[in-house]
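Peer 1: coordinates for the following, if possible.
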Amino acid sequence: MLKKRAGRKFSRNTNSRRAMFRSLVRNLILKGSIETSLTKAKSVSPLIDNLFTKVKSGSLSDKRSILAILANDTETFEALEKRHKEQTSERTSGFTKLTKIQPRRGDNSPMVRFELSQ
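Peer 2: Got it, this is the predicted structure:
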């Protein structure tokens with residue numbers, strides 16, 4: 001009997017989906033806010049929370065796992081560690097914020113402004 005699995009596929013194979021998530025994470029960390037579809041933002045939000053939790057601990061194994069998630073993107077890693085470490089020191093969760101905006105014109109899918117909480 002087939003069972004449902006957690007997560008969304010977005011009509012992509014695994015590597016393409018991971019690359020899309022990595023791209024969304026990178027843009028969010030470097031720019032501070034991005035506009036994307038609601039389902040993509042909901043899928044990436046736990047990944048972002050996990051990254052910020054690992055940045056807070058600061059152990060060597062956590063740094064290596066962050067680099068593995070970011071595909072050794074040192075620019076994003078440095079931005080995450082320098083800019084966002086002091087912002088996240090007092091928080092335990094809720095590092096991102098979703099604000100609904102107008103739906104996309106082409107297919108009327110719900111869009112959100114996905115930003116880091118200050």
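Peer 1: elements contacting the lowest-mean-pLDDT helix or strand in the chain?
Peer 2: Ranked by mean pLDDT, DSSP states H and E, the helix or strand of the chain with the weakest confidence is helix 74-84, at a mean of 89. Counting contacts by 3 or more CB pairs under 8 Å, 6 or more residues apart in numbering; DSSP states H and E, helix 74-84 packs against helix 14-31, helix 38-57, helix 60-69. Bear in mind the C-beta positions are built from the backbone N, C-alpha and C, glycine included.
Peer 1: same for the second one, what does it pack against?
Peer 2: So the one you mean is helix 38-57. For helix 38-57, the elements it packs on are helix 14-31, helix 60-69, helix 74-84, strand 96-101, strand 111-116, judged by 3+ CB pairs under 8 Å, 6+ apart.
Peer 1: lowest-confidence stretch among the ones you listed?
Peer 2: Across the helices and strands packed on helix 38-57, helix 74-84 has the smallest mean pLDDT, namely a mean of 89.
Peer 1: I'd say residue 116 and residue 33 touch.
Peer 2: Yes - distance between residue 116 and residue 33: 7.1 Å, which falls inside the contact criterion (CB atoms under 8 Å).
Peer 1: these two: who's more crowded?
Peer 2: Comparing residue 116 with residue 33 by other CB atoms under 10 Å, the one with more neighbours is residue 116, at 18 against 13.
Peer 1: next, count neighbours for the closest residue to that one other than its chain neighbours.
Peer 2: Spatial nearest neighbour of residue 116, excluding adjacent residues (CB to CB, 6 or more residues apart in numbering): residue 32 at 5.7 Å. Residues contacting residue 32 under the criterion other CB under 10 Å number 12.
Peer 1: what's the answer for the one 10 residues further on, then?
Peer 2: When neighbours are counted by other CB under 10 Å, residue 42 registers 14.
Peer 1: which residue, other than its chain neighbours, is closest to it?
Peer 2: In space, residue 42 comes closest to residue 98 once its chain neighbours are excluded; the distance is 7.7 Å by CB to CB, 6+ apart.
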